[in-house]
Every structure is written in C-alpha cells, then in structure tokens.
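# Just need the structure, nothing else, for what follows:
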Amino acid sequence: MKRVVLIWTLLSCIGYGQSRKSLSVEEAIEIGLQQSKVLLASSKTVDAASARASDVNTALLPSLTFEGSYQRLSEVNPFEVVIPFSPAPVTLSPIVLDNYKLKLSLRQPVFTGFRLRSNARAAEFAAQAAEYEHHSNRVGLILNIKNAYWMLYQTIQVKKFVDENVGLLEVHLKDTENLMNAGIATRNDLLKIEVQFSDARLTQIDATHDVRVAIMNVNNVMGQPLDTELRLTSQPGPTARLLYESFDSLRDRRSKSRRPAGREKMSEDDSHIHSLVNKALTARADLKSMEFRMKAGDASVSAVKGNLWPQIFLAGNYYYSRPNPRILPTLDEFKGTWDVGVILQFDVWNWGATIHRTQQARAELNRTEYLYEQLRDNVSLEVTRSFLQVKRSREKIEVARLAITRAEENARSTNEKYKNALATSSDLLDADVALLQTRTNLTGALVEFELAQARLDKAIGGEK
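Next up is the predicted model:
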C-alpha cells in the first residue's frame with residue numbers, strides 16, 4: 001500500500017512540474033506588454049486622443065449640410081384682388097397647405113482669429129502627449145513586471161532555505177536523540193531543537209503562502225490567469241548590463257590618481273550621476289509628455305483669445321422647395337434657388353466671458369509649467385537615488401557572499417563538534433540560524449541589485 005501511495009505521489013509531482021510554465025524575466029516582460037490590461041487601456045487613450053485631433057482639424061475644412069422638412073399649414077384665405085368689371089376676384093397667390101423644403105448648405109471659415117487653427121494644434125499636441133504617456137506607462141509596466149518577478153524569485157529562494165533548514169533540524173533531532181541515548185546530550189538539548197523545529201515549521205507555512213501570493217502577483221501584472229503555475233529561469237546578479245562604467249574600473253582609476261580617494265570617489269560618482277541625469281532629461285517619456293501638454297496649453301490660450309476677433313465665413317445655400325417662397329406667384333411645385341454670401345460674427349459684449357476664459361487657460365498653462373519643473377527635479381532625484389542604490393546593492397552582494405562562505409564553514413564545523421560533544425545545542429542552533437540568515441541576505445542583496453538596476457533603467461527612460 002505504501003508503495004502505491006509513493007508511486008502516485010511521484011507521478012503527481014511529475015505532472016505538476018510539467019504543467020508549470022518556464023518563464024524568464026525577458027519572457028515575462030514580453031507577455032506583459034502584450035496582455036496587460038492597463039497597457040491596453042492606455043493604448044485606447046492614445047487612439048481617443050488621435051481621433052480627437054482629427055475631429056478638431058475638420059473644423060478648418062468646408063462643411064456641407066443637408067436639411068429637409070415638411071409642414072402642413074392651416075387654411076387661410078388666398079390673396080385675391082378685385083378687378084373692375086370682373087365678375088369674380090382674381091387670385092394672385094394661391095394657398096399651398098403642404099410645404100416641402102430641401103436645403104443644401106456649404107460653409108467655409110475664412111478668419112476666426114486663429115481660434116480653429118489653435119484648437120487643432122492643441123489637439124495635436126495633446127495626442128502626442130498621450131503617446132508619450134503610453135510609452136511612460138509601458139516603461140512603468142516593465143518595472144512592475146521586473147519587481148514582481150524578482151520578488152517571486154526571492155520568496156521561492158527563502159522557502160527553499162526554510163525547507164532545507166527544516167530538513168536540517170530533523171537531522172539534528174535524530175542526532176540529539178542518539179546522543180541522548182548515549183548519555184552525551186540532555187533532555188533540554190532535545191527540547192531546544194524541538195522548539196526550534198516548531199518555529200521553522202511555522203516559518204515554512206508562511207513561506208509557502210508567500211510563494212503562492214507572489215505567483216499570483218506576477219500573473220496579475222502580466223495579465224494572465226492568476227492560477228498559472230510558473231517556473232523561473234532567470235538568475236539575479238551583477239552583469240555587464242550596467243548603464244555606466246564598472247565600479248571595478250572606477251576603483252582601478254582611483255588607485256592610480258594622485259588626488260585623495262574620497263574626493264576622486266565623489267568626483268567620479270557625480271560625473272556619472274550628471275551624465276545619467278542629462279540622459280534622463282532628454283529621454284524620459286513623461287517629461288516629453290509634459291512638454292507637449294505645455295504646448296497644448298499655450299495653443300489653448302491662443303484659441304480662447306481668438307474669440308476677441310471677428311469671425312468671417314463664406315456661406316452658400318441651395319434651396320429646393322415646394323412651394324419656393326422666392327417664386328411669385330406661389331406655385332405648388334418644386335423650384336430650385338440659391339444664395340452665396342459672407343458672414344461676419346463678432347461678440348460685441350459678453351460680460352467679459354472671453355477675458356475670463358483666457359485667464360483660466362493661462363492659469364492652466366502656468367500650472368502645467370510648474371508641474372513640469374517639479375517633474376524635472378523629481379527625475380534628477382530619482383536618477384541619483386537609483387544610481388546610489390545600484391552601487392550599494394553591489395557592495396552588499398560582495399559582503400553577503402563572504403559572509404555565507406564563513407557561515408557555511410561555521411555550520412559544518414559546529415555540527416561536527418556537536419556530534420563529538422564539543423559544542424552545545426545552542427551553538428548548533430545559532431550556527432544554523434546564522435547560515436539561514438546569510439543565505440537569505442545574499443538572495444536579498446541579489447534581488448535588491450536587480451530591482452535597483454530596473455529602477456535605474458526606468459529612471460533614465462529606458463526599457464531594458
């Protein structure tokens with residue numbers, strides 16, 4: 001019976017592993033860019049802004065409208081005159097009770113105080129701003145995917161270390177029982193390890209839950225079903241993918257310099273930060289979007305001010321009516337007539353409405369300008385902070401790798417001593433905890449580097 005259960009468990013595990021989807025961070029980004037509902041919604045905003053620009057531009061073109069109507073009139077006496085020596089009045093204009101009107105009108109703006117042209121430019125700038133906002137959302141989505149991916153990697157690694165720690169404590173329990181039977185260990189030693197084992201099991205439960213939540217988070221960011229099983233294939237760590245000079249080469253250059261190390265270090269860092277900030281200020285999509293928002297705001301001010309000028313239009317109409325009022329005497333039949341003219345419109349007095357609208361548009365423009373300046377400052381801060389975080393995470397990786405080597409040696413040595421009654425159970429547990437902590441610290445440092453690098457990529461406007 002036990003053999004059947006074991007075989008069934010192995011087959012289930014194999015099937016579960018095969019159902020998992022292998023996923024690299026690059027593949028996650030590609031899937032997210034194709035399936036993210038947030039990004040799809042952003043693309044529709046771009047389509048709407050583009051359609052809006054096309055719509056506004058049509059106001060510059062001639063417009064052709066058609067109008068048709070039918071009216072049934074009440075009965076009135078016809079227009080008649082009495083002629084001497086005539087036995088009956090003479091009807092000059094009969095009454096037509098059924099009136100049909102067909103009208104075709106052509107209208108072309110000639111001068112509108114630059115209002116229509118300014119509205120069109122504002123809409124075009126707004127459409128370009130929407131495109132850059134979409135690109136900014138794309139960059140932000142890439143950062144979110146990377147963040148979710150590496151956080152899942154970290155939770156998986158932590159669970160792996162916790163599982164190993166639980167297994168190690170199980171071995172310690174057996175060893176301690178054997179030592180206690182041999183009279184070398186005490187009951188208190190066994191209780192200490194049992195308490196530590198219970199704590200490790202609780203941590204294992206939390207770690208399992210965290211992995212499940214992290215998988216759902218990755219699937220959610222990518223826009224795919226939350227229950228999709230994932231198997232991560234990418235590994236974190238410093239690579240040649242840095243956007244600035246290697247810190248190793250910087251140290252080599254500083255060691256050859258005559259200037260003090262502190263001053264050289266600050267000088268090199270400031271130089272790289274300054275270069276990255278300049279790149280970000282020219283490449284960031286959100287800055288470009290804000291620039292076009294300012295252009296759109298300036299065009300809106302011009303459009304509102306255009307209402308202070310007279311509006312001139314060319315207009316032409318063709319009438320096909322029954323009866324046609326221009327045809328005398330009135331005939332109960334369709335007749336066509338036309339007219340062509342120039343229309344002049346001018347707001348003589350509107351209680352200062354145009355002035356108030358101009359002030360409102362200019363205030364909105366000034367607001368956008370202030371937000372743009374604040375965004376530039378925020379970009380500089382973001383780039384500087386991200387640069388320093390990348391550097392800090394690299395240094396933490398070096399320290400964590402050295403610590404884990406020492407912790408592994410300490411755990412191995414303490415375990416041997418414990419088996420030979422040369423170390424206490426407290427020493428053994430402390431060594432295990434230290435090893436678990438150093439492994440967790442190294443994983444955290446590696447993930448921190450990837451996230452810091454991703455934030456730096458995003459800060460300078462890239463999509464790497």
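# Every contact and neighbour count from this point should use C-alpha atoms.
OK.
# what's the distance between residue 52 and residue 43?
To residue 43, residue 52 is 14 Å away according to C-alpha to C-alpha, to the nearest Å.
# Those two - which one has more neighbours?
When residue 52 and residue 43 are compared for neighbours, residue 43 comes out ahead with 19 against 16, by other C-alpha atoms under 10 Å.
# Strands of the stretch 151-300 of the chain, start to end?
230-232 (DSSP state E, counting those that start in this stretch).
# thought residue 285 was touching residue 140?
No - using C-alpha atoms under 8 Å, residue 285 is not in contact with residue 140, being 10.6 Å away.
# So these two - more neighbours on which side?
Taking neighbours as other C-alpha under 10 Å, residue 285 and residue 140 compare with residue 285 leading, 24 against 18.
# show me where pLDDT drops low in the stretch 101-250 of the chain?
238-250 (pLDDT under 70).
# That one: helices as residue ranges?
In order along the chain, the stretch 101-250 of the chain carries the following helices (DSSP state H, counting those that start in this stretch): 115-181, 187-222, 247-256.
# and of the ones you listed, who's closest to residue 234?
With C-alpha to C-alpha as the measure, helix 115-181 is the member of the helices of the stretch 101-250 of the chain nearest residue 234 (8.8 Å).
# any idea how far residue 194 is from the closest residue to residue 189 other than its chain neighbours?
Spatially, and ignoring its direct neighbours in sequence, residue 189 is nearest to residue 425 (5.5 Å; C-alpha to C-alpha, 6 or more residues apart in numbering). Counting by C-alpha to C-alpha, the gap from residue 425 to residue 194 is 11 Å.
# ditto for residue 295
70 Å.
# The residue of the chain positioned farthest from its centre in helix, strand or coil?
Going by C-alpha atoms, centre = their mean, the residue of the chain most distant from its centre is residue 85, 93.1 Å out. Recorded secondary structure, residue 85: coil (DSSP: H, G, I helix; E, B strand; the rest coil).
# Which residues are in contact with residue 45?
The contact partners of residue 45, by C-alpha atoms under 8 Å, 6 or more residues apart in numbering, come to residue 130.
# I misspoke; the intended subject was residue 63.
106-108.
# Tell me the one among those residues nearest to residue 188.
Using C-alpha to C-alpha, residue 108 comes nearest to residue 188 of these, at 98.4 Å.
# Would you confirm that the closest one contacts residue 316?
No - applying C-alpha under 8 Å as the test, residue 108 and residue 316 come out as separate, 9.1 Å apart.
# what about the two, which has more around it?
Between residue 108 and residue 316, counted using other C-alpha under 10 Å, the more crowded position is residue 108 (18 against 15).
# which non-adjacent residue is nearest that one?
Residue 108 sits nearest to residue 62 (C-alpha to C-alpha, 6+ apart), 4.5 Å away.
# so that neighbour touches residue 105, yeah?
No - between residue 62 and residue 105 there is no contact, the gap being 10.2 Å when judged by C-alpha under 8 Å.
# Name the residue in the two with the higher neighbour count.
Neighbours were tallied for residue 62 and for residue 105 using other C-alpha under 10 Å; the higher tally belongs to residue 105 (17 against 14).
# Among the contacts of residue 63, which are located in strands?
Here DSSP state E is the test, and the contacts of residue 63 give 106-108 as lying in strands.
# With distance to residue 299 added, can I get those in TSV?
TSV is the format used below for the ones in strands among the contacts of residue 63 (distance: C-alpha to C-alpha, whole Å):
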residue	distance to residue 299
106	28
107	24
108	22
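# so which of the residues you listed comes closest to residue 164?
residue 108 (80.3 Å).
# For the closest one, give me its contacts.
By C-alpha under 8 Å, 6+ apart, the contact set of residue 108 is 60-63, 313-315.
# one more time with 7 Å
Contacts for residue 108 (C-alpha atoms under 7 Å, 6 or more residues apart in numbering) come out as 61-63, 313-315.
# now, which of those sits nearest residue 28?
Taking C-alpha to C-alpha as the measure, residue 28 lies nearest residue 61 of those, at 47.1 Å.
# The closest one: how many residues sit nearby?
Residues near residue 61, counting by other C-alpha under 10 Å: 11.
# same thing with residue 104?
Neighbours of residue 104 (other C-alpha under 10 Å): 15.
# ok, now which ones touch residue 225?
Counted by C-alpha under 7 Å, 6+ apart, residue 225 has contacts residue 219.
# Quick check: closest non-adjacent residue to the spatially most central residue of the chain.
By C-alpha atoms, centre = their mean, the mean C-alpha position of the chain lies nearest to residue 137, the distance being 2.6 Å. Ranked by C-alpha to C-alpha, 6+ apart and with sequence neighbours excluded, the top spatial neighbour of residue 137 is residue 39, at 6.8 Å.
# Using the three-state scheme, assign that neighbour.
Relying on three-state DSSP, one would call residue 39 helix.
# same deal with residue 326?
coil.
# mind listing what the helix or strand residue 336 falls within pairs with, with the direction of each?
Assigned by DSSP states H and E, residue 336 falls within strand 335-345. Sheet pairing of strand 335-345 (DSSP bridges) gives strand 311-322 (antiparallel).
# Residue 68 looks like it's in a strand, true?
Yes - with three-state DSSP as the criterion, residue 68 is located in a strand.
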